[in-house]
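>>> What follows is a predicted protein model with its sequence.
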Amino acid sequence: MNVNFLNPFVEAANEVLMAEMNVSTSRGPLSLHKSALTTDDVTVLISLVDQLQGVVLYGLSYDTALKFVSLMMGQEFREFDNLAQSGIAELGNVITGRATIKLAEAGYRTNISPPTLVSGRGVQISTLDFPRLVVPLQTSLGDLTVHLAVREASPDTRGGNFIPLAVNGAGQ
Amino acid sequence: MATVLVVDDAEFLRVRISKMLVAEGYQVIEAENGAAAVEKYKAERPDVVLMDITMPEMDGLTALKNIRAFDPQAKVVMLTALGQESVVLEAVKSGARDFVVKPFNQERVLSALQKLLG
């Protein structure tokens, strides 16, 4: 996978967190994984289709998620209830949307699915034999980890998401 | 008092925008997808629509076209995470009166509404 595809997501996350919460990020070490992702407390999954195809996932702890939604809404959240879940899913949506603007500027037209949120540690999500680039973004409120498994689509596969996903295990 | 139909699949965003608009004196109705937005538009005839694009059941661009087919004077502002040039062009071609890219700033949304409401 072209590592340059990750940069728009990292830049977008930095810009969105700054705009929404006045929180800056610093980029942690980049790694490449072939094994299944084991979910953090909260994981947002968004599919990418068209000229770039695959999946982006954002992982964070409950504590960080609650701090994020509290700042975004301007009121304190103490439980990761439906409204808080919706806020974190929307955060993933906005980061990914902004990343697709940057990808389009680089010549890759990409569309995104509505977000799916997995709540609970320990669920395994595999992109099977397709590798994931992983980078933690460190903030003063905790880490937001970006997982990206994408590749350029060939003209005859642009209609769908070519990366299969397998999900195993119940969250805790 | 002007009525704004807020359309977004994210409850969090609907609540957040509604709080902002109510504090500014607007009346707010909500819809969670494009299909519900078309129904609510026909039933309640709001003054302005704030419309997301990426939504299940019916996306915002399709809902925009349906609302404009029902009411060619409908004032619809797209409020979306998708800001690629091709999406903006399609929205404008379909009759969107303004386009705000998320993350939005409160003043930008309020000024879009004020401009349309004269």
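All right, it came through fine.

>>> drop to CA atoms for contacts and neighbour counts, all remaining ones
Fine.

>>> Give me the buried stretch members for the helix or strand hosting A:Val49, please.
Assigned by DSSP states H and E, A:Val49 belongs to strand A:42-50. Along strand A:42-50, the positions that meet the burial threshold by neighbour count (16 or more other Cα atoms under 10 Å in any protein chain shown) are A:Val42, A:Thr43, A:Val44, A:Leu45, A:Ile46, A:Ser47, A:Leu48, A:Val49, A:Asp50.

>>> Same list (the residues you listed) but as JSON lines, adding pLDDT and distance to B:Leu21.
Converted to JSON lines, the buried residues of strand A:42-50 look like this (pLDDT from 0 to 100; distance: Cα to Cα, whole Å):
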{"residue": "A:Val42", "pLDDT": "96", "distance to B:Leu21": "30"}
{"residue": "A:Thr43", "pLDDT": "96", "distance to B:Leu21": "31"}
{"residue": "A:Val44", "pLDDT": "97", "distance to B:Leu21": "28"}
{"residue": "A:Leu45", "pLDDT": "95", "distance to B:Leu21": "30"}
{"residue": "A:Ile46", "pLDDT": "95", "distance to B:Leu21": "29"}
{"residue": "A:Ser47", "pLDDT": "93", "distance to B:Leu21": "32"}
{"residue": "A:Leu48", "pLDDT": "93", "distance to B:Leu21": "32"}
{"residue": "A:Val49", "pLDDT": "91", "distance to B:Leu21": "34"}
{"residue": "A:Asp50", "pLDDT": "90", "distance to B:Leu21": "36"}
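
>>> so A:Ala19 touches B:Lys102, yeah?
No: assessed by Cα atoms under 8 Å, A:Ala19 is found out of contact with B:Lys102, at 9.6 Å.

>>> Which of these two has more residues huddled nearby?
B:Lys102 (21 against 16; other Cα atoms under 10 Å in any protein chain shown).

>>> can you count the residues close to the closest residue to B:Pro46 other than its chain neighbours?
Leaving aside its chain neighbours, B:Pro46 sits nearest to B:Thr3 (5.0 Å; criterion: Cα to Cα, 6 or more residues apart in numbering or on different chains). Using other Cα under 10 Å, B:Thr3 has 18 neighbouring residues.

>>> circling back: contacts for the strand holding A:Val49?
A:53-62, A:65, A:88-89, A:92-93, A:96, A:109-121, A:150, A:153, A:158-161 (Cα atoms under 8 Å, 6 or more residues apart in numbering or on different chains).

>>> how about 6 Å then?
A:54-61, A:89, A:110-113, A:115-119, A:158, A:160-161 (Cα atoms under 6 Å, 6 or more residues apart in numbering or on different chains).

>>> and those residues, which are buried?
If we count by 16+ other Cα under 10 Å, the contacts of strand A:42-50 have these buried: A:54-61, A:89, A:110-113, A:115-119, A:158, A:161.

>>> Among those, name the ones in strands.
If you go by DSSP state E, these have A:54-60, A:110-112, A:116-119 in strands.

>>> What residue, apart from its backbone neighbours, is nearest A:Asn111 spatially?
A:Val49 (5.3 Å).

>>> what's the spacing between A:Asp40 and B:Val109?
Remark: distance between A:Asp40 and B:Val109 (Cα to Cα, to the nearest Å) = 34 Å.

>>> and what of B:Gly25?
From B:Gly25 to B:Val109 the distance is 14 Å (Cα to Cα).
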